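> Okay, sequence plus prediction incoming.
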Amino acid sequence: MKHITDQQREVMLIAQEECAEVIQAISKILRFGLDGTWQGRSNQERLEEEVGDLVCMIDLMKQHDLIDDEFVRHASIAKEIKLQKWSNIMEKANVS
């Protein structure tokens, strides 16, 4: 069993928090729209900020050897293939 370091643990904890914040930002958009505002910022701006924070944590997970970039890339391609089969969103993405 491979043990994780304190730094790896902290990276994963913060990544977990950022995932929750992305979920919350998406929820606000679904409830109040992309252009809904709170404290002078739009829901879209909040989502973009939270996704940026999460991307940072994903990069840190790579740097701290928690995830393998090549494996993640292959998983992403596999997900796109599944979406093409089971969802309409890939169709819509290609239209714009």
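Yep, it's here.
> contact partners of stretch 76-83?
Stretch 76-83 has contacts (Cβ atoms under 8 Å, 6 or more residues apart in numbering) with 89-90. C-beta: built from backbone N, CA, C; applies to glycine.
> What is the neighbour count of the nearest residue to residue 61 once chain neighbours are set aside?
Spatially, and ignoring its direct neighbours in sequence, residue 61 is nearest to residue 67 (4.8 Å; Cβ to Cβ, 6 or more residues apart in numbering). Using other Cβ atoms under 10 Å, residue 67 has 17 neighbouring residues.
> Give me the below-cutoff pLDDT ranges for this structure.
92-96 (pLDDT under 70).
> swap the cut-off to 80 and go again
Applying pLDDT under 80 to the chain flags residues 91-96.
> so where do the helices sit in it?
6-32, 43-63, 69-86, 89-95 (DSSP state H).
> which parts of stretch 50-69 are buried?
50, 53-54, 57-58, 60-61, 64, 66-67 (16 or more other Cβ atoms under 10 Å).
> export the residues you listed to CSV and tack on distance to residue 91?
Converted to CSV, the buried residues of stretch 50-69 look like this (distance: Cβ to Cβ, whole Å):
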residue, distance to residue 91
50, 27
53, 30
54, 26
57, 31
58, 27
60, 34
61, 31
64, 37
66, 34
67, 30
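> just those residues now: which is nearest residue 39?
residue 50 (14.7 Å; Cβ to Cβ).
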